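In: sequence unknown, structure follows:
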């Protein structure tokens, strides 16, 4: 039975450690980014409404990743020197849920960026194509190929794609032992304590040979996770900057389109 008084004491220590952390020296995602201010026709109010929703939620995701990484950093200080049982208690009560959520966020952020980019480029393409039709594919399962399709006309898109490819990339998967994928589809490493995968089946598709490996996978330590997650949050900020450049390019094109429509007397 875990003593409530002890848990309260550990949580109080954690809060002190968290408050003592220096402010994030790389800054947080800024919510104050506006596009197409003023009154708009319904056609372009759709674009602005989508952007405001997408940008806010992407910024939320980046800031949440920073927050989770900072929380894990503080807990890492608290759990040092605890017994194995105490460590297990703290992991179960407080730490593991944060770590599991944080490890899935880089991939989630990339997917959200792709979703937002594909939709906004699709809408903004209407400012370049005189006979644009609202035909959009892949709404349920958007991938890079959809963002490529709708973003190909925009100069800022390639740099955004390069930035997005770094989120949840091979380096991240290697350093976290592909935790997100393993956790959701099979059995991943434990967080902080515990051994998994005592027996692993491996097959060679070329030779059809099968081998069984005995040993086990050690846990991911909180100490090694914290810098990896902070690095991903920084990459999220870099991607947001490129995303904003793409949106500004959209805005220039939309404004030019609106000006041409005013001159012709068409206010769509």
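Out: Ah, there it is. Since this is a predicted model, take the numbers as computed values, not measurements. Residues are numbered from 1 along each chain as shown.

In: What's the separation between residue 74 and residue 241?
Out: Using C-beta to C-beta, to the nearest Å, we find residue 74 at a distance of 28 Å from residue 241. For the C-beta atoms, the positions are set from N, CA and C on the backbone; glycine is no exception.

In: where does the stretch 51-200 of the chain dip in pLDDT?
Out: Counting by pLDDT under 70, the ranges of the stretch 51-200 of the chain that qualify are 138, 179, 183.

In: coming back round to it: quick one: which of residue 74 and residue 241 has more around it?
Out: Higher neighbour count among residue 74 and residue 241: residue 74, with 19 against 14, using other C-beta atoms under 10 Å.

In: Tell me the helix or strand right after the helix or strand harbouring that one.
Out: Using DSSP states H and E, residue 74 falls within helix 42-79. Later in the chain than helix 42-79, the nearest helix or strand by DSSP H and E is helix 84-90.

In: three-state assignment of the nearest residue to residue 136 once chain neighbours are set aside?
Out: Setting aside the residues directly before and after it, residue 136 is nearest to residue 122 in space (C-beta to C-beta, 6 or more residues apart in numbering), at 5.3 Å. Taking DSSP: H, G, I helix; E, B strand; the rest coil as the rule, one finds residue 122 in the helix state.

In: So residue 122 sits against residue 139, correct?
Out: No: counting by C-beta atoms under 8 Å, residue 122 does not reach residue 139; the two are 10.1 Å apart.

In: what sits against the spatially most central residue of the chain?
Out: For the chain, residue 109 is the residue whose C-alpha lies nearest the centre (C-alpha atoms, centre = their mean; 2.3 Å). Counting by C-beta atoms under 8 Å, 6 or more residues apart in numbering, residue 109 makes contact with 58, 61, 62, 65, 167, 168, 236, 239.

In: show me where this protein has helices.
Out: 4-20, 42-79, 84-90, 96-124, 144-151, 157-164, 170-175, 179-185, 222-264 (DSSP state H).

In: most tightly surrounded among the ones you listed?
Out: helix 96-124 (a mean of 21; mean count of other C-beta atoms under 10 Å).

In: Quick one: work out the angle between it and helix 42-79.
Out: With axes from the mean of the first three to the mean of the last three C-alpha atoms, to 10 degrees defining the directions, helix 96-124 sits at 160 degrees from helix 42-79.

In: so how far is helix 96-124 from its chain's centroid?
Out: 5 Å (C-alpha atoms, centre = their mean, to the nearest Å).

In: now the angle between helix 157-164 and that helix, please.
Out: Interaxial angle, helix 96-124 versus helix 157-164 (the same axes, to 10 degrees): 170 degrees.

In: And the helices of the chain: which comes nearest residue 135?
Out: helix 96-124 (8.6 Å; C-beta to C-beta).

In: Just the angle for the closest one relative to helix 144-151, thanks.
Out: Going by the same axes, to 10 degrees, helix 96-124 makes 30 degrees with helix 144-151.

In: Now do the contacts for residue 69.
Out: By C-beta under 8 Å, 6+ apart, the neighbours of residue 69 are 102, 226, 229, 230, 233.

In: doesn't residue 120 make contact with residue 51?
Out: Yes: the criterion here is C-beta under 8 Å, and residue 51 meets it with residue 120 at 6.1 Å.

In: can you list residues touching both of the two?
Out: Joint contacts of residue 51 and residue 120 (C-beta under 8 Å, 6+ apart) are residue 247.
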